[in-house]
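>>> Next input, structure requested:
(chains A and B)
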Amino acid sequence: MRIRYVLFVGILLLLSVGLACTREQPQQALTQFYQGNLAYREGNFVKAIEAYQTVLSQGFESGAVYYNLANSYLKNNQVALAIVYYERAQLLIPRDPDVKANAKYAASLLERSGSQQPKSFISERLDRYQEFWTLRETIWLMVGAYMVFGLIVFYWIVYARYKIVLVILSCLIVVFSVLNGWVLKEKIAHRSKAAIVLSESKATFEPLHDATVHFTLTPGDKVFVVEQDRQWFKIRRSDGRMGWVLSESLAMISERPR
Amino acid sequence: MIVFKKMMLIVGLALSLFGAGINRAWAADITVEATVNRRQVSLNEVLDLTLTIQGTQQANALELPDIDGFESRYLGPSTSISIINGQMSSSIAHQYRLFPQQIGTFEIPALSFKVEGQTLTTQAISVEVTQTSPSARAPSSQSAEPAVSLDDKVFLVLETDQQEVFVCEKVLVRVKLYVSQLPVRDINFPVLKSDGFLADDIAQPKQYQKVIDGVSYQVVEFAWDIYPTRPGLLALGPAELTCSVLYQRQSRRRDSAFDGFGFFSDDFFGDFFGGYEKYPVSLSTDQVALEVLPLPEPVPDHFSLAVGQFDFSVTADPVDVKVGDPITLRMQVSGQGHLKGVELPKLLESDDFRVYAPNIREERGIRILEQVVIPKHASAREIPQMSFIYFDPKIKRYQTITQGPFAISVAESSAPSTLQVVDRALYGSGQVAAEELGRDIIFIKDRPGMFYEKTSVLYQHVWFWGFLVFYTLGLALWGWWFIENKKILTDMAYAKRLKAPRQAKKALKEAQQWISHNKPKEFFECVFGLLRDYLTHKFLIPEGSVTPEGVASFLREARVNASTIEGIQDILSQCDTARYGLLNADAESMQQVFIELRRMIDVMERI
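Predicted coordinates:
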């Protein structure tokens, strides 16, 4: 009898999750996507870019759309924009090796400025873990951890057996949740990530046209947007240097609100 | 008692077996040997003669016959037991001291013993008596100790197992250090002058005892193989060896009455504990001539320069390949002879095979050659035979060992011929040309994957939070249900309290029916039953106490208000009256009772 109840509740939960996940694909967006593919195969990269941008303008996105758009920009010799869209594709399909390979190739075509600060072993591992999951997946992981924790608490209260095992599981869940909480925080923080798209972009000390130039940025450089003042963005480079650039110099990696 | 007897039997059996084992260990052949501590003695010295009987300790001392040139005196016996490799042996040695009387060469005759019914005879020993002690070859040290002759006490010998060999034939060399009655330390490995020879490493030395002309020596033997590299009469040696001899220091002459007297003497402790000093000694041997014969003509083509007795084998693996696939040809030769210089046959480039430089090494006395060969086309059917030619000095003939040919099956390659990387070690320093690869992006994706709304985030959706709330509530409800169920099963009072209102509700329905049928007796019966069950379940009042008088105290304890208690008491009285047929109630009065009862139950339910 008890097992039937467990199964019943479990099926209910799965159904609700499944229902939440299924939705119908937008037909217009699909059509534009395939038209873009056709144009790409014909070598008409400008037309392909238009088609993919139409998908985005309809309010939809997918990893494949960003990837194909990035390829089209790259074929059209717009390397900086290609890098931006590869980054966007990586947000949605982070484990896709094609995206990583093409992004690396695109980056190799540009001369980069600034210096990368060396990372520690743990820092590198945490970054890799954080990049492995999308934002959506991270949230679901935390939900999963919460659900498991709830079951542990339920079992503890109702049956009060195997307490040591439950304590250990709880600790693991807590650690897992803390880790994913950090990942979530990082992903939200990465919404302010942008890439430079104009060549010879100058970062100044003040948001003024005649301000002193602090450093120069090259297309493809990745920066973090710290502040906004009208058409100026205050950015932070990977080596920690800060400066103001015009909004047309960069493109946000994530189009979601910061 | 029985157990004790069994134990004694086991112990007795064990002892007898042990005794038999000991007896077996003890039972050995009896031998006798006569040895002297030196073969040369001066008139002012003494000679020690030892008669050692091995295999028994029951042998009386022999009375020496008159020995020409010597006076003798018996010093006494000494016995010993030794256990070597689990075998026990015993011996008894009778010591005699001989005092030379005149100069000359004398013979200690063979001596006969009768031991355990056997007659055993020693060998005769020849001894030279000189005027004064001969001087030693040892270099003199800083001290002014008199020189001592060491020639007969420690010497070095160089031996070979053959005097006539062929070029490259193995020759066993032995350098033996003989030491008699002398403590020797720091024995270094010998150095052998061997121009015209190749030498292997010297093996670990052996140590044993040997009697030569009646003198017992401790022998340290160094042995290794050498190989002559050219024909002719070659001189081997001399071999040189350095060691240290321990020499007992003599005490100083006393120059004054107080010098060195007893306790105040510097030499007191030295004399008391022995006073040994180390003297470095350098020993050398004579040269040994070795006749090295040239190899007989004509020397065959592809002679491997191997002289000795050898085994040769060849394997090819794999044998089923495609064009362009490598085959490893492995040849190995082992045997008695110098392997380092041996030339192994190798396959040469041909129309059928592409070959690479072989890898040659030695492993545990086996010389191995590995060569990669690649068939160029499918018509290559076999790897040709390989021959190893060596010279056997025992039969004085060249011998040939042939292996193969090796049948192979070569199929056409299905893939276009590509560069194959094989083990770099087999190629020695072979290099692969650098390849320039093209670079470009990977093609676009054919499927769009899952579409998402650009500006929406999961946690902004109502359904997401609804799901979490539903899950939490569901889990909480489920938990509450489990606990509640458990409580009902384990706590009877609680279960009854829960049941009380349901039962009361059911009884009220029944009472309503009796009112509609105008049955006062049945109505009041039902009401009484309702009140009784409700009060016993709800407040745990004993059934017998559910009376107008008895119920008040319980209800007061349960904090039921006074008016309700009065109402219940009144209804119970009416029930009692009606049950005994003394009350004639109509429908209206029954309805009033019903309403009052329901009100009171509602009040009590809120407690």
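>>> Give me the below-cutoff pLDDT ranges for the chain.
In the absence of a named chain, chain A is used. Applying pLDDT under 70 to chain A picks out residues A:1-10, A:12-25, A:111-118, A:255-258.
>>> nope, chain B please
Scanning chain B for pLDDT under 70 picks out B:1-28, B:82-88, B:132-150, B:247-277, B:414-435, B:581-583.
>>> What's the separation between the residue positioned nearest the centre of it and B:Val165?
Central residue of chain B (CA atoms, centre = their mean): B:Arg364, 21.3 Å from the mean position. Separation of B:Arg364 from B:Val165 (CB to CB, to the nearest Å): 26 Å. In this view, the C-beta of every residue, glycine as well, is placed from N, C-alpha and C.
>>> Show me what the closest residue in space to B:Thr52 that isn't next to it in sequence is bridged to.
Closest residue to B:Thr52 apart from its sequence neighbours, by CB to CB, 6 or more residues apart in numbering or on different chains: B:Ala93 at 4.5 Å. The partner list for B:Ala93 in beta bridges (DSSP bridges) reads B:Thr52, B:Ser78.
>>> pretty sure B:Ala93 is in contact with B:Thr50, am I right?
Yes - the criterion here is CB atoms under 8 Å, and B:Ala93 meets it with B:Thr50 at 5.3 Å.
>>> Run the chain-centre distance for stretch B:339-358.
In terms of CA atoms, centre = their mean, to the nearest Å, the centre of stretch B:339-358 is found 40 Å from the chain centre.
>>> How much space separates B:Phe99 from chain A?
89 Å (CB to the nearest CB, to the nearest Å).
>>> Now for that residue, how many residues are close by?
By other CB atoms under 10 Å in any protein chain shown, the residues close to B:Phe99 number 15.
>>> in the chain, which spans are helices?
Assuming you mean chain A. For chain A, the helices defined by DSSP state H occupy A:2-21, A:27-42, A:45-57, A:63-75, A:79-92, A:97-108, A:121-132, A:135-158, A:163-189.
>>> could you do chain B instead?
Counting by DSSP H, the helices of chain B are B:2-26, B:267-273, B:424-427, B:462-490, B:492-516, B:520-539, B:551-557, B:562-579, B:587-605.
>>> which residues sit against stretch A:122-136?
A:90-95, A:119, A:141, A:179, A:182-184, A:186-188, B:452, B:457-458 (CB atoms under 8 Å, 6 or more residues apart in numbering or on different chains).
>>> Any of those buried? List them.
For these, a burial check counting by 16 or more other CB atoms under 10 Å in any protein chain shown picks out A:90-94, A:141, A:179, A:183-184, A:186-187, B:452, B:457-458.
>>> Write out the residues of chain B neighbouring chain A.
B:439-455, B:457-459, B:463-464, B:467-468, B:470-472, B:474-475, B:478-479, B:482-483, B:486 (CB under 8 Å from any CB of the partner chain).
>>> Repeat the analysis, applying 7 Å as the threshold.
B:439, B:441-442, B:444-455, B:457-459, B:463, B:467-468, B:470-472, B:474-475, B:478-479, B:482-483 (CB under 7 Å from any CB of the partner chain).
>>> got the contact list for B:Lys153?
Taking CB atoms under 7 Å, 6 or more residues apart in numbering or on different chains, we find B:Lys153 in contact with B:180-182.
>>> 10 Å - rerun?
By CB atoms under 10 Å, 6 or more residues apart in numbering or on different chains, the residues touching B:Lys153 are B:37-40, B:136, B:178-182, B:184, B:215, B:217, B:245.
>>> again, but for A:Phe60
A:25-26, A:28-30, A:32-33, B:448, B:451-454.
>>> Please report which of these has the highest neighbour count.
A:Phe33 (27 neighbours).
>>> Nearest to chain B within the stretch 151-258 of chain A, name that residue for me.
Of all residues in the stretch 151-258 of chain A, the one sitting closest to chain B is A:Val158 (4.6 Å; CB to the nearest CB).
>>> ok, the nearest residue to that residue once chain neighbours are set aside to A:Ile157 distance?
Spatial nearest neighbour of A:Val158, chain neighbours left out: B:Phe482 (4.6 Å); criterion: CB to CB, 6+ apart. To A:Ile157, B:Phe482 is 8 Å away according to CB to CB.
>>> Repeat that for A:Ser72.
Taken as CB to CB, the span from A:Ser72 to A:Ile157 is 57 Å.
>>> higher neighbour count, the two?
Neighbour tally, A:Ser72 and A:Ile157, criterion other CB under 10 Å: the higher count belongs to A:Ser72, 28 against 13.
>>> you'd agree the more buried one is up against A:Arg41?
No - taking CB atoms under 10 Å as the definition, A:Ser72 is not a contact partner of A:Arg41, at 11.2 Å.
>>> For the stretch 151-300 of chain B, which residue gets nearest to chain A?
B:Asp201 (48.8 Å).
>>> these two touch, right, B:Phe594 and B:Ile515?
Yes - assessed by CB under 10 Å, B:Phe594 is found in contact with B:Ile515 at 6.1 Å.
>>> Common neighbours of the two, please.
By CB under 10 Å, 6+ apart, the residues touching both B:Phe594 and B:Ile515 are B:523, B:526, B:587.
>>> Run the chain-centre distance for stretch B:60-80.
Per CA atoms, centre = their mean, the centroid offset for stretch B:60-80 relative to its chain is 56 Å.
>>> and if you look at stretch B:449-464?
Computed by CA atoms, centre = their mean, the chain-centroid distance of stretch B:449-464 equals 62 Å.
>>> Between the two ends of that stretch, how far is it?
When the termini of stretch B:449-464 are compared using CA to CA, to the nearest Å, they are 22 Å apart.
>>> which residues does the residue nearest to the centre of chain B contact?
B:Ser334.
>>> Need phi/psi at it.
Main-chain torsions, B:Arg364, degrees, to the nearest 10: phi 50, psi 50.
>>> any idea how far it is from B:Ser334?
When B:Arg364 is compared with B:Ser334 (using CB to CB), they lie 9 Å apart.
>>> The nearest residue to A:Phe233 once chain neighbours are set aside - how many residues pack around it?
Among residues not flanking A:Phe233 along the chain, A:Val225 sits closest, at 5.0 Å (CB to CB, 6+ apart). A:Val225 sits with 19 neighbouring residues when counted by other CB under 10 Å.
>>> Pull out the buried members of the residues of chain B next to chain A.
Among the residues of chain B next to chain A, those buried by neighbour count (16+ other CB under 10 Å) are B:441, B:444-445, B:448-449, B:451-452, B:457-458, B:467, B:471, B:475, B:479, B:482.
>>> Let me know the closest of the residues you listed to A:His209.
The shortest approach to A:His209 among those belongs to B:Val457, at 36.2 Å (CB to CB).
>>> which ones are touching the residue nearest the centre of chain A?
The centre of chain A sits closest to A:Leu91, judged by CA atoms, centre = their mean, with a distance of 2.6 Å. A:Leu91 is in contact with A:61, A:63, A:66, A:99, A:131, A:134-136, A:187, A:190-191, A:193, A:253-256, counting by CB under 10 Å, 6+ apart.
>>> Report the beta-bridge partner residues of B:Ser244.
B:Arg185, B:Pro280.
>>> So it sits against B:Val179, correct?
No - in this structure, B:Ser244 is not within contact of B:Val179 by CB under 10 Å, at 11.7 Å.
>>> which neighbours do these two share?
B:Ile187.
>>> and B:Ile408, backbone torsions?
phi -130, psi 160.
>>> any idea how far the closest residue in space to it that isn't next to it in sequence lies from B:Pro448?
Of all residues not flanking B:Ile408 in the chain, B:Val319 sits nearest, at 4.8 Å (CB to CB, 6+ apart). Plainly put, B:Val319 is 53 Å away from B:Pro448 if you go by CB to CB.
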